[in-house]
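no sequence on this one, just coordinates:
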């Protein structure tokens, strides 16, 4: 038998996605809040449910784990959903922050160039 906590540590999911291994008695190991785990246990198998916890939306899904004598445990998978710009593509926040820094640098350079030019003087033909 493999210890549940060790199994969860060895499984790598996408950024922000967490797992919980829930036994038949309701005891669980994992990094998910208890209310998310309990809601996940009540979800239909292989269906994604939306849950709000402390004002933050979560997506929750449950998979049964069967043994030779029937269902042994449930695996609950959940992640906070963030509908902001950071979910457009992988590393979006970093790319957008970099683009903002480049734009700030361009504005500063533009002001520096405009300051060097004497736009007030009049030309005599």
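Done, it's in. Note that the coordinates shown come from a computational prediction; the quantities given were computed from them, not determined experimentally.

report the central residue of the protein.
With distances taken as C-alpha atoms, centre = their mean, residue 16 lies nearest the centre of the chain, 3.8 Å away.

now do the same contact list for that one.
Listed by C-beta atoms under 8 Å, 6 or more residues apart in numbering, the contact partners of residue 16 are 79, 80. Where you see a C-beta, it was placed from the backbone N, CA and C, and this is true even at glycine.

could you redo the last one with a cut-off of 6 Å?
Applying C-beta atoms under 6 Å, 6 or more residues apart in numbering to residue 16 gives the contacts residue 79.

residue 43 versus that one, what's the distance?
For residue 16, the distance to residue 43 (C-beta to C-beta, to the nearest Å) stands at 19 Å.

next one: residue 21
Distance of residue 21 to residue 43, given as C-beta to C-beta: 16 Å.

those two: who's more crowded?
residue 21 (21 against 16; other C-beta atoms under 10 Å).

can you tell me the SS state at the more buried one?
Put simply, residue 21 is strand when judged by DSSP: H, G, I helix; E, B strand; the rest coil.

how about the one 5 residues further on?
Of the three states, residue 26 takes coil according to three-state DSSP.

could you pull up phi and psi at the residue nearest to the centre of the chain?
phi 90, psi -10 (degrees, to the nearest 10).
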